[in-house]
Structure formats: structure tokens, C-alpha cells
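A.B. asks: I need the structure of the sequence given here:
(one chain, ligands or ions: 1)
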Amino acid sequence: MRISVIGCGYLGAVHAACMAKLGHDVVGIDVDERKIGELSAARAPFYEPGLEDLLREVQDTGRLSFTTDMAAAMESSVHFICVGTPQKKGENGADLTYVDAATSGLLPYLSAGAIVVGKSTVPVGTAARLTELLSKQQPDAHIVWNPEFLREGHAVSDTLSPDRLVYGVVDGSEDHPAVAVLDQVYATPLSNGTPRLVTDHATAELVKTAANSFLATKISFINAMAELCEAAGADVTRLADAIGLDDRIGRKFLNAGIGFGGGCLPKDIRAFMARAGELGADQALTFLREVDAINMRRRSRVVELTRELCGGSLLGKRISVLGAAFKPESDDVRDSPALSIAAQLQLQGSVVTVTDPKALSNAALRFPELHYETDTAKAVDGADALLLLTEWREYSDLDPYELASSVASSRILDGRNVLDPAKWRAAGWTYRGLGRP
Ligand code: UDX
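C.D. replies: Coordinates of the predicted model:
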């Protein structure tokens, strides 16, 4: 099939490459010339494992191209909208400027029967609004909401082999003409057994925000347990292991630590609350305010623990922060708890050095006032305390004996509870985890 993908960021670039991998002819379109230049040269404009190899592989087949010219969408019958929906400045709601601009820009190039597939995370009601817009210009085109559930760091495999596919069509019917077309687009994952659900527009939009809210709630639940464990002298990691063995609960997403960040969970729960308010259903989601508050409290807790670890004062203390990305295997620093903590420590008088295998240039753009060091050994040299804030493998594998000789004081705060406290203590370190004795 001939497919266009509008928006080539974390979602769209991966989606475009994966659609070409599935055998389709794909054009990726974005307004950012730099991004299009990189992608056209088969270079990933951000770090995502496997993406660059995939770009090279599919570009060699001639099935994938990139452009800034929306007119290139003209020959496609299926158009994926993959643009961002960030949090509005100064408000909780989602900013739909890019979704609206992409859809309006596409309108002149839509053929009769064309299918516009929304993948961006949007407030419920957006598909209905866009359907109205579409019906004025091209009444024979259709809007489908097909939420994306990919995780950064696993984006390629999540797109090629998703857990499930959700198609939201206007009447919620299996017989809607767009269903058969999307079945063709996703023929490979469907033939591999990926479950597929057809819903109405509103349900499909809500599936995404509900899923992310559930994940955020799970993380804040375990972080609330971490607060209790700290008060009671218990160990939240063992508690998570024990409750996670109940398969109604499950162990995944029960890692207590510095909390969730990134371009999705924080802004999605806020946009969800804002939208519920507009719909007169705000009471239903007041619990998400608590989920957000527990999450934000983690960051201040780490600053306080670091102060304790440094003997009561942060002033002039040399703190080395291991990790800047919001999670490992990503260079994304959007709402990264690690960076937010590093910035707080700096504001409170510490001398902070941040290191990360992939995210330092993005981090420096966001927080230019922090000091960055690419080399881990140099970053920890002479430190009064180390903070492990993003659980990159190379940090969880650090050798406490080797490291002890480079730091000024052997003190470590394990913000992700990934180190073995007994091993670090045996090597002479003062070890602090979160929600661990
Ligand atoms: C999330 C959803 O998982 C994905 O389905 C959706 O499409 C987009 O949003 P992503 O933002 O890539 O994906 O990251 P995710 O793996 O969900 O992690 C989010 C944050 O939660 C990270 O900061 C991570 O460190 C944190 N986290 C995750 C925890 O603190 N504890 C956990 O147990 C799991």
C-alpha cells in the first residue's frame, strides 16, 4: 500500500520505517528540515535502539522516503497523523495545534475514500471534531483513531509486534470500510496473532489515555508504598516482588524510585484530568491528581535524602548524577525526573555533574546551567555523593570497589533501586535506596 506518515518524531519516524519494513511504500513528512535531512540519509535524529539499522535496511529497498512537502501525500490512500500533542503552556490540557495543522495541511491532498489514521494521543472528542473538518472538504474520506502504545527504547519491536491494535471508526462497526484497509496495512502483525479491537472514535481515544493513566497509577502506588516502607523500616522492592506474584497484580511497573517522566505519562494524565473537567466528569479522575502529586514528591524526597547523605548541607557539595534520560535506552529528557533533581540540587548550592551515555546533548539544551561530562570515570572523580537516577545497564553494573578509589566520599543514592545494597555496603559505601532500609 502507499502510505504517508505526517510527523517524524519519536512516534512517526519509527512508524514510517516499520510500515516500510512491513512491505508498504511509505513517505514520511515533517516540517523540520533538519529531521528530514537526517532521516533521508538513513540517520535517526534521536536515539532509539534498532532504528538506524532499520532505516538503512528499508531505504535500500526504495520503499521509504522523507520530505517536507505535504503534496507528497497525494498518492497515498492511508495517512497516519503522528505529530506531538504536548502539554499547553501554563495549562494542563493538550496542545492540539500540531494535530490540527497536520490535518488541515493534508486536506487538499486527500482523494475520495482516503483514510486518515490518527495515532497521536488526543483528548476524547478530537476525532469527532476532525471528522467534521474533513467532511467539508472531502466527504468520502474517513477518520480512524488507532492509538499507539509503543514504549521508547522498544519502539521498533512494539510497532512491528504490538500487544494489540485498536481501530476507532465513526460507527464502531467491523463493517466500516476503513477496517478492511487497516487490516491490509497491519496484515503481518495480524497474521502473527496480534489481537485487534474495533471501537467507536471516543472509546479508541480513551483507550490510550486510560492505559497510560493505569500505568502511572501503578508506579505512583508503589512509590506511595515506598514512602510507607521508609516510615516503617520495610523494603519496597521485596514488597513489590511479593505482591507482584499475584498475577492479578503482576510485577511489571512496580519499580519504586524517582518516579515517572517522559513525553507521555505526565502530560497525558494532566490532559486527561483537564478533558474530564470539560466533560463535567472531573470527579472521576481526581485520583490522578494524587498520582501526579506522589510522583512529584519523589523528586523532592531525593533532594532531601541527598542533603542527609551529605551530612545535612548541600552547599558546595560535589554531586555526580548518573543518568539524564527519563529512562534507559533513550536520549529523551522531556520531563526527566533525573534532570529535574539535578537542577534542584544545583539551585540549592551543590556543584552538580551529570553524565549519560546518550542524552547529554538534549540535556544541555534543556538545562544549560548544569555541568555535563561524557566520561563516567571523569564524572564521578572527586564526588561527595553519587546519585544513580537512570538505570542504564552500565551504571547498574558499576563496580563499587573500583569506584571507591575515585570519589571523595563513598556515598551513593540509588534512585532506581537497582544496586545490591549488601555488595555496596561491603565495599565501604554508605548506600541509600528509596523505600529500602
Ligand atoms: C509510555 C507507555 O508505556 C507507552 O505505552 C505509551 O505509548 C507512551 O508512554 P514511555 O514514555 O516510553 O511509554 O515509557 P515507560 O516505559 O512507560 O516509562 C515511563 C516512566 O515511568 C519512565 O520515567 C520510567 O522510568 C518510569 N517507571 C516505569 C518507573 O518509575 N517504574 C516502573 O516500574 C516503570
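A.B. asks: who does the strand or helix carrying Arg289 touch, helix- and strand-wise?
C.D. replies: Using DSSP states H and E, Arg289 sits in helix 286-309. On a contact count with 3 or more Cβ pairs under 8 Å, 6 or more residues apart in numbering; DSSP states H and E, helix 286-309 meets helix 201-232, helix 265-278, helix 337-347, strand 385-388, strand 411-414, strand 430-432. For the C-beta atoms, the positions are set from N, CA and C on the backbone; glycine is no exception.
A.B. asks: any idea of the mean pLDDT in the third one?
C.D. replies: If you average the pLDDT over helix 337-347, you get 98.
A.B. asks: list the buried residues in it.
C.D. replies: Pro337, Ala338, Leu339, Ser340, Ile341, Ala342, Ala343, Gln344, Leu345, Gln346 (16 or more other Cβ atoms under 10 Å).
A.B. asks: quick one, what contacts the first one?
C.D. replies: Taking Cβ atoms under 8 Å, 6 or more residues apart in numbering, we find Pro337 in contact with Ile258, Gly259, Phe260, Gly261, Arg298, Arg299, Phe326, Leu389, Gly415.
A.B. asks: helix, strand, or coil at the residue of the stretch 101-250 of the chain found nearest the ligand?
C.D. replies: Nearest residue of the stretch 101-250 of the chain to the ligand: Glu152, at 3.6 Å (Cβ to the nearest ligand atom). Classification of Glu152 using DSSP: H, G, I helix; E, B strand; the rest coil returns coil.
A.B. asks: quick check: which element contains the nearest residue to it once chain neighbours are set aside?
C.D. replies: Sequence neighbours aside, Ser330 is the residue nearest to Glu152 in space, at 4.5 Å (criterion: Cβ to Cβ, 6 or more residues apart in numbering). Secondary structure from DSSP H and E places Ser330 outside every helix and strand.
A.B. asks: enumerate the residues of the stretch 251-400 of the chain near the ligand.
C.D. replies: With Cβ under 6 Å from any ligand atom as the criterion, the stretch 251-400 of the chain meets the ligand at residues Phe253, Leu254, Asn255, Gly257, Gly259, Phe260, Gly261, Gly262, Cys264, Leu265, Phe326, Lys327.
A.B. asks: just the pLDDT for the fourth one.
C.D. replies: In this case it means Gly257. For Gly257, the predicted pLDDT is 98.
A.B. asks: that one: what's it in contact with?
C.D. replies: Contacts of Gly257 by Cβ under 8 Å, 6+ apart are Asn223, Ala226, Arg298, Gly415, Arg416, Asn417, Leu434.
A.B. asks: isn't the fourth one right next to Leu386, touching?
C.D. replies: By that I understand Gly415. No: using Cβ atoms under 8 Å, Gly415 is not in contact with Leu386; the gap is 10.3 Å.
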